[in-house]
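Colleague: predicted structure and sequence below. I'll ask about it afterward.
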Amino acid sequence: PILPGLVRFEEVAAGEIRHAIRVTFSETRRAYILPATHYASDNDDATLPPMGLRLRLVASFDTSQLTGQARVIAVAMQRYGLIVADNGSNWYFQGAPSAGWNDDDLNQLKAISGSNFEVVDTGPVHTGD
């Protein structure tokens with residue numbers, strides 16, 4: 001399901017997201033980690049992320065440099081992380097549609113690079129073999 005991993009405006013407006021956020025990558029591995037139950041690639045390259053891989057914004061990332069909606073989202077990325085949920089654009093996560101989103105505020109998140117994330121070991125990688 002997509003909805004449970006979306007950022008919802010109501011959560012951000014309340015000041016806290018209490019779940020992992022779904023994220024996509026252009027290339028993924030032919031493998032998955034629970035809670036994922038499938039893979040979406042034929043590529044066996046172990047350097048690619050499997051579906052279900054959990055990533056977390058490192059604790060040392062200073063979220064106080066961000067404001068508003070961006071800060072709430074970044075704190076959730078530190079606390080609950082991201083889960084690789086589909087193939088798509090690299091590092092793409094999305095919010096449920098809402099007129100309340102502030103694009104100027106959200107653009108602060110572009111300052112967070114992939115190198116600011118760490119992989120969280122959540123169990124074995126399943127290859128379906």
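Modeller: Nice, I can see it. Note that the coordinates shown come from a computational prediction; the quantities given were computed from them, not determined experimentally.

Colleague: so which residue is dead centre in the chain?
Modeller: In the chain, the centroid-proximal residue (CA atoms, centre = their mean) is residue 82; its distance is 2.8 Å.

Colleague: dig out what it forms beta bridges with.
Modeller: residue 21, residue 55 (DSSP bridges).

Colleague: show me the contact partners of stretch 10-19.
Modeller: 4-5, 7-8, 69, 72-73, 75-76, 80, 95, 98, 100 (CB atoms under 8 Å, 6 or more residues apart in numbering). Quick note: C-beta positions are derived from backbone N, CA and C, even for glycine.

Colleague: do the same with stretch 100-120
Modeller: With CB under 8 Å, 6+ apart as the test, stretch 100-120 has contacts from 9, 13, 53-58, 61, 65-71, 73-74, 77, 81-82, 90-91, 95.

Colleague: and for stretch 48-59?
Modeller: Residues outside stretch 48-59 that contact it (CB under 8 Å, 6+ apart): 20, 23, 25, 27-29, 31-36, 38-41, 63, 74, 77-78, 81-86, 112, 116-120, 122, 125-126.

Colleague: what subset of those residues is buried?
Modeller: 20, 23, 25, 28-29, 31-33, 36, 39-41, 63, 74, 77-78, 81-85, 112, 116-117, 126 (16 or more other CB atoms under 10 Å).

Colleague: could you list which of the residues you listed belong to helices?
Modeller: Among the buried ones among the contacts of stretch 48-59, DSSP state H puts 74, 77, 78 in helices.

Colleague: look up how far residue 101 lies from the closest residue to the first one other than its chain neighbours.
Modeller: Translated: residue 74. Counting by CB to CB, 6 or more residues apart in numbering, residue 74 lies nearest to residue 63, which is 4.5 Å off, once chain neighbours are set aside. To residue 101, residue 63 is 19 Å away according to CB to CB, to the nearest Å.

Colleague: then residue 28?
Modeller: Plainly put, residue 28 is 27 Å away from residue 101 if you go by CB to CB.
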